[in-house]
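*Asks:* Structure for this input, please:
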Amino acid sequence: MILYSVTVNIDNSVEQQWLDWMKTEHIPDVMATGMFCEYKFYRLLHETEDGGVNYSVQYFADHIDRIEQYQKEFATELQQEVKKRFEGKYVVFRSLLESV
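*Replies:* Next comes the predicted model:
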């Protein structure tokens, strides 16, 4: 199992708008690509120095090929939509993890 983890620090001023959009549009769009078999969405409990709120979206794929296909075919367009809506209001960190 491969985990594609996306951690986002979102500005307090747009947190609820971003959260609603993630749940109703972005995550469903990512899942509709068919590249992932499951996802989890978490709010980190610790505070940040800059006052933003941290969230982690974890997308699970059966094989690394699915992640690579997602990145080649879908990621750019989906990431551009986030940028268009929330530019300057978030910081994102992406990582890939393998189950051991």
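
*Asks:* how near is residue 56 to residue 28?
*Replies:* Separation of residue 56 from residue 28 (Cβ to Cβ, to the nearest Å): 18 Å. The C-beta positions use only the backbone N, C-alpha and C, and glycine is treated the same way.

*Asks:* Which one's more surrounded, those two?
*Replies:* Per other Cβ atoms under 10 Å, whichever of residue 56 and residue 28 has more neighbours is residue 56, with 14 against 11.

*Asks:* Phi first, then psi, for the more buried one.
*Replies:* phi -130, psi 120 (degrees, to the nearest 10).

*Asks:* For it, which residues are in contact?
*Replies:* 5-8, 40-42, 44 (Cβ atoms under 8 Å, 6 or more residues apart in numbering).

*Asks:* Give me the buried entries from those.
*Replies:* The neighbour count (16 or more other Cβ atoms under 10 Å) marks 6-8 as buried among those.

*Asks:* Please tell me how far residue 46 sits from residue 15.
*Replies:* The value you get for residue 46 to residue 15, if Cβ to Cβ is used, is 15 Å.

*Asks:* Neighbour count: the two, which is higher?
*Replies:* residue 15 (16 against 5).

*Asks:* Quick one: list the elements packing against the longest helix anywhere in the chain.
*Replies:* Longest among the helix segments of the chain by residue count, using DSSP state H, is helix 76-86. Under the contact criterion of 3 or more Cβ pairs under 8 Å, 6 or more residues apart in numbering; DSSP states H and E, helix 76-86 touches helix 15-21, helix 27-32.

*Asks:* can you list the ones you listed in CSV and add mean pLDDT and distance to residue 90?
*Replies:* Compiled in CSV, those are given as follows (pLDDT from 0 to 100; distance: least, Cβ to Cβ, whole Å):
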stretch, mean pLDDT, distance to residue 90
helix 15-21, 97, 7
helix 27-32, 98, 15
